[in-house]
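[1] Below is the structure, and that's it, no one-letter string:
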């Protein structure tokens, strides 16, 4: 896949959407489209100074309601681009289910998932396809400072891909970013490097809670 940038100093800020009630319940939330809950709206508003300080040239969001609402709360009157490439993974048969429900439904597939090696989801997306879809979309946007509001699993797969980590090992190598967190990647002559990962405004650390299992 493309390295996603020609500039010698391109920076990409990946923002995970705020919390929803399905996140609280620990459900696989891929193509479902719930709104933010009250805590999620607060998390989004706490991102406002982060985005202002980053001074993005382009704002992009997954079309999912929870992502678009996060960007509206965080960026106010800016006009973002909605890009389907940054939607969350389609979890197929696992969509809307908890980890316990998935373990009962697909025990062998869930065991592989729990071990950390993930090639895809039954009836849903392949991990490699998500890496190609999201990574390739970076080339569509000009400028050196890009903000993308997206989802936990998409962030992990995209970061793994850009850093040269086998994407099937995204769960082994990258923790799940918390709701309302941000991660920053920088591209220079040597390729992509991860500058910050899963930072929650006001704490400086990854909350590690909520969202897709």
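    Yes, it's here. Since this is a predicted model, take the numbers as computed values, not measurements. Numbers count the residues shown, from 1 in each chain.
[2] Go through the protein and flag its longest strand.
    strand 191-199 (DSSP state E).
[3] Check the offset of it from the chain's centre.
    13 Å (Cα atoms, centre = their mean, to the nearest Å).
[4] Give me the contact list for stretch 140-147.
    7, 9-13, 15, 51, 54-60, 71, 75, 81, 83, 138 (Cβ atoms under 8 Å, 6 or more residues apart in numbering). Where you see a C-beta, it was placed from the backbone N, CA and C, and this is true even at glycine.
[5] the strands in this protein, which residues?
    10-16, 58-61, 81-82, 145-150, 182-188, 191-199.
[6] what about these, which gets the closest to residue 161?
    Minimum separation from residue 161 across these (Cβ to Cβ) falls at strand 191-199, 9.2 Å.
[7] sorry, back to before: could you give the average pLDDT over the longest strand of the chain?
    Mean per-residue pLDDT for strand 191-199: 97.
[8] pLDDT below threshold where in this structure?
    1-8, 203-213 (pLDDT under 70).
[9] OK, contacts around residue 137?
    Contacts of residue 137 by Cβ under 8 Å, 6+ apart are 83, 85, 86.
[10] Contacts only, for the first one.
    Looking back up the chat, that one is residue 83. Contacts of residue 83 (Cβ under 8 Å, 6+ apart): 60, 61, 62, 63, 137, 140.
[11] Let me have the contacts of residue 137 in a markdown table, extended by distance to residue 41.
    Output for the contacts of residue 137, formatted as a markdown table (distance: Cβ to Cβ, whole Å):
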| residue | distance to residue 41 |
| --- | --- |
| 83 | 22 |
| 85 | 25 |
| 86 | 20 |
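[12] List just the nearest of those residues to residue 27.
    residue 86 (20.2 Å).
[13] how many neighbours does that closest one have?
    Counted with other Cβ atoms under 10 Å, residues neighbouring residue 86 total 26.
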